[in-house]
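J.: Turn this into a model:
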Amino acid sequence: MNNAILNLNPRNKAIVEGYAPNADKSYKQKLLALGLTKGTEFTVIKTSPFGDPIEIELRGYRLSLRKQEAEVILCSQ
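T.: The predicted structure is shown next:
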């Protein structure tokens with residue numbers, strides 16, 4: 001089941017399944033360069049009260065994403 005990261009709660013683990021079809025190509029390349037490749041497991045660390053930004057941990061580091069940026073990442077639990 002593909003979900004957006006925004007639907008996950010802190011301490012939830014998920015796997016990157018891909019990107020939304022409407023994702024900007026240059027932004028998708030940036031996310032890939034940051035290690036958010038298909039099959040990568042990550043953990044949601046925390047979100048702000050209004051969901052922007054969201055902090056995730058992957059490949060040994062933490063990454064903060066704005067709500068708009070996180071919406072294009074599809075994942076499964």
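
J.: Output the contacting helices and strands for the helix-or-strand element of the chain with minimal mean pLDDT.
T.: In the chain, the helix or strand scored least confidently by mean pLDDT, DSSP states H and E is strand 3-4, which has a mean of 76. Contact analysis of strand 3-4 by 3 or more C-beta pairs under 8 Å, 6 or more residues apart in numbering; DSSP states H and E lists strand 73-76 as its packing neighbours. (Each C-beta comes from the backbone N, C-alpha and C, glycine too.)

J.: Name the residues of the strand it packs on that are buried.
T.: Ile73, Leu74, Cys75 (16 or more other C-beta atoms under 10 Å).

J.: Show me what it pairs with in its sheet, parallel or antiparallel.
T.: Sheet pairing for strand 73-76, assigned by DSSP bridges, gives strand 3-4 (antiparallel), strand 13-19 (antiparallel).

J.: Pick the most buried one from those.
T.: strand 13-19 (a mean of 16; mean count of other C-beta atoms under 10 Å).

J.: Keeping just the C-alphas, turn that strand into PDB.
T.: C-alpha atoms of strand 13-19 as PDB (Å, rounded to 0.1, in the frame of the first residue of the first chain):
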ATOM      1  CA  LYS A  13       9.100   2.700  10.100                       C
ATOM      2  CA  ALA A  14       8.400   2.600   6.400                       C
ATOM      3  CA  ILE A  15      10.100   1.800   3.000                       C
ATOM      4  CA  VAL A  16      10.300   4.200   0.100                       C
ATOM      5  CA  GLU A  17       8.200   2.800  -2.800                       C
ATOM      6  CA  GLY A  18       8.700   5.600  -5.200                       C
ATOM      7  CA  TYR A  19       7.500   9.100  -6.000                       C
END
